[in-house]
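**Student:** Return a 3D structure for these sequence lines:
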Amino acid sequence: MSAERRDGRIVIVGASLAGLRAAETLREEGFAGSLTLVGDEPRPPYDRPPLSKQVLLGRVDARDVGLPSRREVDAEWRLGVAAVGLDPVEKRVLLADGERLPFDRLLIATGTRARPWPNPGEAALDGVMTLRTADDAARLAERLDAGPRRVLVIGAGFTGSEIASACRERGFEVTVAERGPSPLVGALGGALGALAATLQRAHGVDLRCGVTVTALKGSNGRLTGAEFSDGGRIEADIAVVALGAVRNTEWLADAGLAAGPRGVACDAGCRAFNMYGIVTDDVFVAGDVARFPHPLFEYQILALEHWGNAVAQAEVAAHNMVSPGPLRRPHLTVPAFWSSQFGLNIKSVGVPTFSDQVVIAQGSLRERRLVAVYGYRGRVTAAVSVNRAKWLEYYERLIETAAPFPPEPGAADPPDSGVPVPSDVPSPQTLSHGPTVALTGHLPDRRLTLVRHD
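**Tutor:** Numbers count the residues shown, from 1 in each chain. Presented below is the predicted three-dimensional model:
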């Protein structure tokens, strides 16, 4: 590392998982300069996945989900104050309290926030909630402890489905409203979406697909129920709005970066693009707010809302912030995520929505223990396991090497059916919630494979 890149001032805007791991990596890589982390929440970084699982089940308190530090970062923490602007010429971050933080290099890791209910008057009703922060989880857990008559979950993506699962496990009546044809369809396609629908109904969820909530009703400022697009009505004490995420980019409106509702665009080395498509060399981006090209998926621009991606991308961004050009490395990690709901452990590698076909390569839908492998244009692009995660490493290798689809048998037991069928990935416009992985971009005619050096 050059002395110039070892010193100086680095500011990280976003004091959550990606921000913390980037700060740790900077110190591990030998950065000895000034390091400042800015976060709009007043608490130190914490782990979000338990919020829709253990916290709602009452097994963990929302105050006890802090992220363990891997090492001391020796940083100035500016918590409870939001960044409201960026001056890329003077290299200063404007904070809500009026301070202007100077930097030599900047990492944008502002993540996402829960998409609110679109009607402000209805959103203000007591009992209408979202789930994104630890405070959100604490408020929702407190309301569940009071014993609601019915919980309405609006949106059946991963967060909505996990909330519904926790509420049913606690014995509450639950209605789930999803604009799409089934739960999880925006992330996993039609075949596993149909399994998710069967599973929810088998666990007593009042699942309503192909409908939207047209109005939330209230009395004396409290939620009393909801009306649906098919004319149906229900009474409910709690409505959890799980309509996906909004990327926190508004503070960059005048910064001249390629930032907007879909996130901040960057190259494979996490360097942000400006509004003209020119890569910057002092502004980097990582985590849920980033949009980046991935050669394994035909250089489409990916936006990922996953724990593992936030960690891996933050580490790459931090390395590149303090490394000269020839020593920088790309962020080429194969996307991975997991979810626990209704007694099932669902894990995925690759991008299931980047597919045109899917095959049950192991197990069966009937047994609810399987591995589904996805393909696009004749090559493997993703695999999803249901209570069968040990095989995912095998399929990850197939993704990395652009192996032919359908894959050769790799399981000890034959599947019920090895015949590929359409993956039925819906248009995002048909969903109540945003897709877990979003892809945009062009399709070049080159195919890349990854080589592992074990």
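
**Student:** The protein: helices as residue ranges?
**Tutor:** Counting by DSSP state H, one finds helices in the chain at the ranges 3-6, 17-28, 120-123, 134-145, 158-169, 185-188, 190-202, 307-321, 392-400.

**Student:** Is it possible to get CSV of those that adds distance to L35 and mean neighbour count?
**Tutor:** Quick note: C-beta positions are derived from backbone N, CA and C, even for glycine. CSV is the format used below for these (distance: least, C-beta to C-beta, whole Å; neighbours: other C-beta atoms under 10 Å):
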stretch, distance to L35, mean neighbour count
helix 3-6, 12, 13
helix 17-28, 6, 25
helix 120-123, 38, 12
helix 134-145, 24, 18
helix 158-169, 32, 25
helix 185-188, 35, 29
helix 190-202, 43, 20
helix 307-321, 10, 24
helix 392-400, 34, 20
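
**Student:** Mean pLDDT lowest where, among the ones you listed?
**Tutor:** Lowest mean pLDDT within the helices of the chain: helix 3-6, at a mean of 67.

**Student:** Make JSON lines out of the helices of the chain and add distance to V358.
**Tutor:** Output for these, formatted as JSON lines (distance: least, C-beta to C-beta, whole Å):
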{"stretch": "helix 3-6", "distance to V358": "45"}
{"stretch": "helix 17-28", "distance to V358": "30"}
{"stretch": "helix 120-123", "distance to V358": "37"}
{"stretch": "helix 134-145", "distance to V358": "33"}
{"stretch": "helix 158-169", "distance to V358": "18"}
{"stretch": "helix 185-188", "distance to V358": "9"}
{"stretch": "helix 190-202", "distance to V358": "6"}
{"stretch": "helix 307-321", "distance to V358": "22"}
{"stretch": "helix 392-400", "distance to V358": "12"}
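
**Student:** Contacts only, for A202.
**Tutor:** By C-beta atoms under 8 Å, 6 or more residues apart in numbering, the residues touching A202 are F342.

**Student:** Pairing-wise in the sheet, spell out the partners of the closest residue to T130 other than its chain neighbours.
**Tutor:** With sequence-adjacent residues excluded and distances taken as C-beta to C-beta, 6 or more residues apart in numbering, T130 is closest to A114, at 3.7 Å. Note on A114: beta-bridge partners by DSSP bridges are A245.

**Student:** neighbours of A114, just the number please.
**Tutor:** 19 (other C-beta atoms under 10 Å).

**Student:** Can you check the pLDDT for it?
**Tutor:** Each residue has a pLDDT score; the one for A114 is 96.

**Student:** I am assuming it contacts A245, so please confirm or correct that.
**Tutor:** Yes. In this structure A114 lies within contact range of A245 using C-beta atoms under 8 Å: 6.5 Å.

**Student:** So for these two, which residues contact both of them?
**Tutor:** With C-beta under 8 Å, 6+ apart, A114 and A245 have common neighbours R132.

**Student:** ok, what's across the strand from the closest residue to L252 other than its chain neighbours?
**Tutor:** In space, L252 comes closest to A259 once its chain neighbours are excluded; the distance is 4.2 Å by C-beta to C-beta, 6+ apart. Bridge pairing for A259 (DSSP bridges) gives the partners V264.

**Student:** and W77, what does it touch?
**Tutor:** 15, 36-37, 39, 44.

**Student:** how about JSON lines for the residues you listed, with neighbour count and pLDDT added?
**Tutor:** Formatted as JSON lines, the contacts of W77 follow (neighbours: other C-beta atoms under 10 Å; pLDDT from 0 to 100):
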{"residue": "A15", "neighbour count": "27", "pLDDT": "96"}
{"residue": "T36", "neighbour count": "19", "pLDDT": "98"}
{"residue": "L37", "neighbour count": "25", "pLDDT": "98"}
{"residue": "G39", "neighbour count": "25", "pLDDT": "97"}
{"residue": "P44", "neighbour count": "15", "pLDDT": "94"}
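
**Student:** and the nearest residue to Q200 once chain neighbours are set aside, how many residues sit next to it?
**Tutor:** Using C-beta to C-beta, 6+ apart and skipping residues adjacent in sequence, the residue nearest Q200 is L207, 4.9 Å away. Residues lying near L207 (other C-beta under 10 Å) number 23.

**Student:** Now do L207 against A255, distance only.
**Tutor:** L207 is 43 Å from A255, where distance means C-beta to C-beta, to the nearest Å.

**Student:** Check G186 too.
**Tutor:** Distance from G186 to A255, by C-beta to C-beta: 30 Å.

**Student:** for L152, same thing?
**Tutor:** Counting by C-beta to C-beta, the gap from L152 to A255 is 39 Å.

**Student:** same deal with C266?
**Tutor:** The spacing between C266 and A255, counted by C-beta to C-beta, is 14 Å.

**Student:** More neighbours: which of the two?
**Tutor:** Taking neighbours as other C-beta under 10 Å, C266 and A255 compare with C266 leading, 28 against 22.

**Student:** Show me where the stretch 1-150 of the chain has its strands.
**Tutor:** 9-13, 34-39, 76-79, 83-87, 92-95, 100-102, 105-108, 112-114, 128-129, 150-154 (DSSP state E, counting those that start in this stretch).

**Student:** now the second one and strand 83-87, what's the angle there?
**Tutor:** To tie it back to what came earlier, the one meant is strand 34-39. For strand 34-39 against strand 83-87, the angle by axes from the mean of the first three to the mean of the last three C-alpha atoms, to 10 degrees is 130 degrees.

**Student:** which residue is nearest the centroid of the protein?
**Tutor:** What sits nearest the mean C-alpha location of the chain, by C-alpha atoms, centre = their mean, is E305, with 1.7 Å.

**Student:** Show the pLDDT at that one.
**Tutor:** On the pLDDT scale, E305 gets 89.

**Student:** looking at it, it is touching R113, isn't it?
**Tutor:** No. Assessed by C-beta under 8 Å, E305 is found out of contact with R113, at 11.6 Å.

**Student:** For these two, list the residues in contact with both.
**Tutor:** A245.
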